[in-house]
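1. What follows is a predicted protein model with its sequence.
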Amino acid sequence: MNDTEKDKEFYKMADAHIAVANEQAQEKGINSGKVSATILYSAARFNTFLVASNSDSAAELASRKEEACKYLMAEYQKMLDEHFADYTENFDKYLR
């Protein structure tokens, strides 16, 4: 699989998660802030699972926490910065 195919797969998977969140946010009585919180919770839970499943013991998992958190938070910060720049540049197009 080349990089272009990997990028297409990545965005297809991300779009599927976004579609579920959008559906949930449109349900009557569901607050979009709650949908956002569940996405963050799910990402934290899944990413912790990935680190745990690649650790041989609870002690190893605990020793990897700081490095994993630093990496994940840095990646999230980059993604937030990218999306805020995109929405700022395309505000009227996306929201009007």
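-> Structure's in. What do you need? Numbers count the residues shown, from 1 in each chain.
2. name the element S55 belongs to?
-> Element membership of S55 [criterion: DSSP states H and E] is none; it lies in no helix or strand.
3. can you check the one 4 residues further on too?
-> Secondary structure here is read from DSSP H and E; on that basis A59 sits in helix 58-89.
4. What of V35?
-> Element membership for V35 (DSSP H and E) is helix 32-53.
5. Now that helix: buried residues?
-> Buried residues in helix 32-53, counting neighbours by 16 or more other CB atoms under 10 Å, are found at 35, 47, 51. (C-beta placed from N, C-alpha, C; glycine too.)
6. With respect to M13, which of these is nearest?
-> N47 (14.8 Å; CB to CB).
7. so what's that closest one closest to, chain neighbours aside?
-> Here the nearest residue to N47 in space, its sequence neighbours aside, is L72; by CB to CB, 6 or more residues apart in numbering that works out to 5.7 Å.
8. Return the per-residue confidence for that neighbour.
-> pLDDT recorded at L72 is 98.
9. re earlier: could you point out which element follows the helix holding A59?
-> Using DSSP H and E, the next helix or strand after helix 58-89 towards the C-terminus is helix 91-95.
10. Give me the residue at the spatial middle of the protein.
-> A43 (5.7 Å; CA atoms, centre = their mean).
11. any chance of the buried residues of helix 32-53 in a markdown table, plus distance to D3?
-> Supplementary listing: the buried residues of helix 32-53 in a markdown table, determined by distance: CB to CB, whole Å:
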| residue | distance to D3 |
| --- | --- |
| V35 | 31 |
| N47 | 23 |
| V51 | 25 |
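12. Between these, which sits nearest E27?
-> Each of the buried residues of helix 32-53 was scored against E27 by CB to CB, and V35 proved nearest at 9.0 Å.
13. any idea how far S53 is from E27?
-> Here S53 is placed at a distance of 32 Å from E27 (CB to CB, to the nearest Å).
14. now D81
-> According to CB to CB, D81 and E27 sit 30 Å apart.
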